[in-house]
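[1] turn this into a model:
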Amino acid sequence: MKRGELLTALGRLRQANTGGVRAPHKPLLLLWLLGRHARLGSSLVGYAEAEEPVSRLINDFGPAVGRATAVQRAAMPFVHLERSLWSLCDAAGRELDAKDVRESGAALRGAGAVGRLRPEVERLLTEDPSAGPIAVRLLLDRHFTPTLEAAICEQADVGLPDLDIADLGVTGLGVGDPGVGDPDAGAAPDPVFRLVRRRVRAAGFAADVLRAFDHACAFCGYDGRLGRHPVGVEAAHIRWHSQGGPDVLANAFALCSLHHALFDFGVLGVTEDRTVRISPHFRTDSPAGEAVRALHDRPVPHPHGRPAAPRAHDFLRWHDRSVFKHDGYRLDRPVN
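    Numbers count the residues shown, from 1 in each chain. Now for the predicted structure:
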C-alpha cells in the first residue's frame, strides 16, 4: 500500500445513515489504532481491551446516547470498519465479516474478537514515518473541529500533527471538494481532488460575524479589545465547517474563547427560541465554573439585532443532535 492509497481509503470511509447526526465512530477508532501502532509497533487488539477506551472516545467526542449504548459504542466500528483497512478475527483466527457477528459488546467478547490494521497498512506506517501523521491530520480535518483536536489526540494517545497536508504534495481526496465534509452529499466521487488542510473560510467571514454581534460574545457579553482590535472574541460555526457548515451569519455566533470551546465540546447549546442550555453532564467546583452554569436560559441575540434566517434553526438542530451533551433534551419540536 502507498501513502496515497491509504489516504484514499480514509477519505472513502462510509458513515452510518443516522438522519444527519454525526457518526464519528470509525475515525475515532482509527485515531486510537494509529496511536497504538505508533507506541507499540502493532495495532493488534482484542475487543475486550479496546471497548472501554474507544467507547469513551466516542462518548466524549460524538453525539450523546443512553447509558446502555454508551458502554459498548466501540462495537459499531469494530464490526463495520472497512476491510480494506482492518481485519477482524474470532478467537480461533477465523476472519469475521460484518454479517458474521452482531454489533454488540457481548457478541464480540463472546467471539473473542481481535482486530488490527491490515498488514499492508501497518507496513506503510512503519516504513513511511510521515504516513501516520498525515492520516491523523486527514481524519481530524474531515470529521472534527479545531477546538477538539488537542483533546482528541491526548485521549487517543496519538500525536497531534503540526503540518499542512498541502505542503507535502499529497494527492487524493480533497477536504471541502464535492462530496467531502458534507454528510448529506452521498457517496464521494473518485479521489482525484487535491488534499488540503481544511476548507478555507470565506473572505471576511470572521469580521462579518464579529460586526454582526457588536464584537461581543453572544453568550456572556464579553467584548474585550486591545486598542481597536477584539481580543478573545471569535467567529464560531454552529454546524462545523468540516461537516458542511457554510460561512454565513445564520450559521455563526461571536463567542469568547472559553464559550467557543464549551460550545464545540457540547457543554453549551442553544434552543430553537435562542436561549443558552447547559449540559446536565457539566460539573464544576469553582465560582468561575458556576458563572458558566449561570448562563442557563440566557437569551442569545440575533445578528445585527434582527431575527436570523430560517436556516439558523437547521444549524441549531444539527448542533443539538450532533454535539450538545444532553439527557433527553432535543430540538425535536417543529420550527414554525
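[2] pLDDT on the helix or strand containing A288, on average?
    According to DSSP states H and E, A288 maps onto helix 287-293. Regarding helix 287-293, the rounded mean pLDDT is 95.
[3] next one: stretch 249-266
    Stretch 249-266 comes out at a mean pLDDT of 97.
[4] stretch 2-14 now?
    Stretch 2-14 comes out at a mean pLDDT of 93.
[5] just the CA trace of the helix holding A288, in PDB.
    Output in PDB follows, covering the C-alpha atoms of helix 287-293 (Å, rounded to 0.1, in the frame of the first residue of the first chain):
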ATOM      1  CA  PRO A 287     -17.100  30.200  41.300                       C
ATOM      2  CA  ALA A 288     -15.800  30.600  37.700                       C
ATOM      3  CA  GLY A 289     -17.400  27.400  36.700                       C
ATOM      4  CA  GLU A 290     -20.700  28.500  38.300                       C
ATOM      5  CA  ALA A 291     -20.500  31.600  36.100                       C
ATOM      6  CA  VAL A 292     -20.800  29.200  33.200                       C
ATOM      7  CA  ARG A 293     -23.800  27.400  34.800                       C
END
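[6] low-confidence ranges, the stretch 51-200 of the chain, go.
    164-200 (pLDDT under 70).
[7] how about 50 then?
    Scanning the stretch 51-200 of the chain for pLDDT under 50 picks out the ranges 167, 169-197.
[8] what about the strands in it?
    86-89, 114-117 (DSSP state E, counting those that start in this stretch).
[9] which of those sits most buried?
    strand 114-117 (a mean of 21; mean count of other Cβ atoms under 10 Å). Bear in mind the C-beta positions are built from the backbone N, C-alpha and C, glycine included.
[10] show me what that one is packed against.
    helix 25-40, strand 45-46, helix 47-61, strand 86-89 (3 or more Cβ pairs under 8 Å, 6 or more residues apart in numbering; DSSP states H and E).
[11] direction included, what does it pair against?
    strand 45-46 (antiparallel), strand 86-89 (antiparallel) (DSSP bridges).
[12] please save the CA atoms from that strand in CSV.
    Provided in CSV are the C-alpha atoms of strand 114-117 (Å, rounded to 0.1, in the frame of the first residue of the first chain):
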residue,chain,number,x,y,z
VAL,A,114,-9.4,-9.5,17.8
GLY,A,115,-8.7,-6.8,15.3
ARG,A,116,-5.8,-5.0,13.7
LEU,A,117,-5.0,-2.7,10.8
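[13] returning to that earlier point: in the helix holding A288, what's buried?
    Of all the residues in helix 287-293, those buried under the rule 16 or more other Cβ atoms under 10 Å are V292.
[14] any residues touching it, and which ones?
    220, 258-259, 262, 267-268, 278, 282-284 (Cβ atoms under 8 Å, 6 or more residues apart in numbering).
[15] turn those residues into TSV, columns for neighbour count and distance to P133.
    As requested, those are arranged in TSV below (neighbours: other Cβ atoms under 10 Å; distance: Cβ to Cβ, whole Å):
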residue	neighbour count	distance to P133
C220	17	37
L258	17	29
H259	24	31
L262	21	29
V267	22	29
L268	26	32
I278	20	36
F282	16	33
R283	9	34
T284	12	35
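[16] between those residues, which is closest to L210?
    Ranked by distance to L210 (Cβ to Cβ), those are led by H259 at 14.1 Å.
[17] and the gap between the closest one and D208?
    The gap separating H259 from D208 is 19 Å, by Cβ to Cβ, to the nearest Å.
[18] likewise A50?
    Distance, A50 to D208, using Cβ to Cβ: 44 Å.
[19] what about the nearest residue to A113 once chain neighbours are set aside, neighbour count?
    Closest residue to A113 apart from its sequence neighbours, by Cβ to Cβ, 6 or more residues apart in numbering: Y47 at 4.3 Å. By the measure other Cβ atoms under 10 Å, the count of residues near Y47 is 24.
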